[in-house]
Structure formats: structure tokens, C-alpha cells
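Peer 1: Requesting a structural model of the entry that follows:
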Amino acid sequence: MKMPAPYKCDVCGKIKGESNHWWLVIKYLFTGFEGVEVANLLILPWEQKLVDSNSYYHLCSQSCVHKKVDEFMEGIRNANSKEVPNSQC
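Peer 2: Residues are numbered from 1 along each chain as shown. Sure, this is the predicted structure:
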């Protein structure tokens, strides 16, 4: 029987143990009103059926989830600052 590879946190590199409280995070585009695409971040509790998908980030703790959310928000802020001059913010 093939043993599953250990899961590693995509933020800090910690290896998943059996009793850790891990999370899955995925970035995706949502088409909102008037066809505008909006970047979103979905945070899910660990679900074994989903963990082998390359689409999800594997995160070992709330702290690492917060770091990934901060990274996502910073990316959105940086993208928006290129579109709107600071004097209009």
C-alpha cells in the first residue's frame, strides 16, 4: 500500500502531524456584478478529500493563515495602487 507523502505548510514549512489543526486556502476569481472579476481567498478547515489538489495552499495554523491573508491583501493593494494614483485614495 502506498504511503501518502507528508504535507508541508506552504508558509513556514512545518510537516503535518496527526493532531495538527490545519487549513486549506485557495485563491480564485469571482465574477461579480456587471461582469467584474474580483480576486477572492477561501479558507477551509482541513478536508482530506481536497488536500492532494495543487490548487490549495496547505497551512499549519491560524498564524500561517493570517500570513497568507496578509500576503493576498498586500497583492491586491499593490495591484490597485498601480491603477489609482495615491492622490485619489
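Peer 1: CA atoms for contacts and neighbours, from now on please.
Peer 2: Fine.
Peer 1: Ramachandran coordinates for the residue lying closest to Asn20 once chain neighbours are set aside?
Peer 2: In space, and not counting its chain neighbours, Asn20 is closest to Cys60: 7.1 Å by C-alpha to C-alpha, 6 or more residues apart in numbering. Cys60 adopts backbone torsions of phi -90, psi -10, taken as degrees, to the nearest 10.
Peer 1: So Cys60 is in contact with Lys14, correct?
Peer 2: Yes: between Cys60 and Lys14 there is a contact under C-alpha atoms under 8 Å: 7.0 Å.
Peer 1: anything in contact with each of those two?
Peer 2: Residues touching both Cys60 and Lys14 by C-alpha atoms under 8 Å, 6 or more residues apart in numbering: Lys8.
Peer 1: Those two: which has the busier surroundings?
Peer 2: Cys60 (25 against 13; other C-alpha atoms under 10 Å).
Peer 1: show me the contacts for the more buried one.
Peer 2: Lys8, Cys9, Lys14, Lys16, Asn20, His21, Trp22, Trp23.
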